[in-house]
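K.L.:
mind looking at a prediction? Sequence and model below.
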Amino acid sequence: MAVAQLDAVFGALADPTRRAILTRLSLGEATVAELAAPFSVTQPAISRHLKVLERAGLISRTRRATARLSHLEAEPLKEATVWLAGYREFWEESYERLDELLAALQESVTDRSQPGDPTGRGTT
């Protein structure tokens with residue numbers, strides 16, 4: 001995915017109203033009026049959100065008679081997920097290293113403790 005496209009996708013997803021619109025469109029295409037219904041914003045405001053989603057490639061819009069229908073385009077979401085997966089691997093490796101460190105520290109504390117000494121500090 002091109003950097004500009006990825007920026008557009010994450011920019012579009014940054015707004016909760018646009019995320020809610022995508023969730024609604026995952027159920028099927030809808031008109032601007034149908035998309036605006038659950039929100040306390042005007043239809044022109046919803047239209048502006050739709051333009052952002054369209055520029056990001058997350059939706060496509062078609063005309064059917066007098067209705068303007070919006071349809072979810074999921075491919076950019078898949079590509080963003082693939083990009084994020086690289087960071088998931090980074091964090092999993094970081095957590096594995098942390099687990100190893102904690103296990104080594106726990107083993108060190110256990111090795112130093114004496115029987116009957118719950119503090120693990122040994123005697124001085």
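P.N.:
Everything's here; your move.

K.L.:
how about low-confidence regions in the chain?
P.N.:
Low-confidence segments of the chain, defined by pLDDT under 70: 1, 113-124.

K.L.:
all helices of it, in order?
P.N.:
3-13, 16-25, 32-36, 43-55, 75-112 (DSSP state H).

K.L.:
closest to residue 68 out of the ones you listed?
P.N.:
Residue 68 lies closest to helix 32-36 among the helices of the chain, at 6.1 Å (Cβ to Cβ). From N, CA and C alone the C-beta is placed, and that goes for glycine too.

K.L.:
which parts of the closest one are buried?
P.N.:
32, 34, 35, 36 (16 or more other Cβ atoms under 10 Å).

K.L.:
now, among those residues, which is nearest to residue 73?
P.N.:
residue 35 (15.1 Å).

K.L.:
quick revisit: could the helices of the chain go into a markdown table alongside distance to residue 65?
P.N.:
Formatted as a markdown table, the helices of the chain follow (distance: least, Cβ to Cβ, whole Å):
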| stretch | distance to residue 65 |
| --- | --- |
| helix 3-13 | 28 |
| helix 16-25 | 20 |
| helix 32-36 | 14 |
| helix 43-55 | 18 |
| helix 75-112 | 28 |
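
K.L.:
would you mind telling me which of these is nearest residue 69?
P.N.:
helix 32-36 (9.0 Å).

K.L.:
what's in contact with that closest one?
P.N.:
In this structure, residues lying in contact with helix 32-36 by Cβ atoms under 8 Å, 6 or more residues apart in numbering are 21, 24, 25, 42, 43, 45, 46, 47, 50, 68, 70.
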